[in-house]
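In: Quick check, what structure comes out for this input:
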Amino acid sequence: MPNERTKAAIETRQFLKTVLDAEDEIMWSLVRSLAFQLLRHYPLNADIDLSASTLPGVWTPPPNR
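Out: Predicted structure coming up:
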């Protein structure tokens, strides 16, 4: 479902940002490095919103926050 894809993408981005900002160093260096690499190319809400306007069968607009 389009709304589930949008929700998954947004929540994954939030998770990766949380991991990247973590201060604990218990095996976090590898996780944080991967999170940084993934976040560099992960879509922003504006990207998803634009995609939703052109591909409503794939994405739904993100909720306003």
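In: now stretch 52-65: mean pLDDT?
Out: Averaged over stretch 52-65, pLDDT sits at 88.
In: which parts of it are buried?
Out: 52, 59-62 (16 or more other Cβ atoms under 10 Å). From N, CA and C alone the C-beta is placed, and that goes for glycine too.
In: Give the closest residue to the residue most central in space within the chain in space, chain neighbours not counted.
Out: The centre of the chain sits closest to Arg13, judged by Cα atoms, centre = their mean, with a distance of 2.3 Å. Leaving aside its sequence neighbours, Arg13 sits nearest to Tyr42 (Cβ to Cβ, 6 or more residues apart in numbering; 5.2 Å).
In: what residues are up against the one you found?
Out: 9, 12-13, 16 (Cβ atoms under 8 Å, 6 or more residues apart in numbering).
In: for Pro63, same thing?
Out: Pro63 neighbours (Cβ under 8 Å, 6+ apart): none.
In: Next: Ala35.
Out: Applying Cβ under 8 Å, 6+ apart, the residues near Ala35 are 16-17, 19-20.
In: any idea which element it lies in?
Out: helix 28-41 (DSSP states H and E).
In: Show me the longest helix that occurs in this protein.
Out: helix 2-21 (DSSP state H).
In: between the helix or strand bottoming out on mean pLDDT in the chain and helix 2-21, what angle do the directions make?
Out: Counting by mean pLDDT, DSSP states H and E, the chain has its least confident helix or strand at helix 28-41, which shows a mean of 78. Angle, helix 28-41 to helix 2-21, by axes from the mean of the first three to the mean of the last three Cα atoms, to 10 degrees: 130 degrees.
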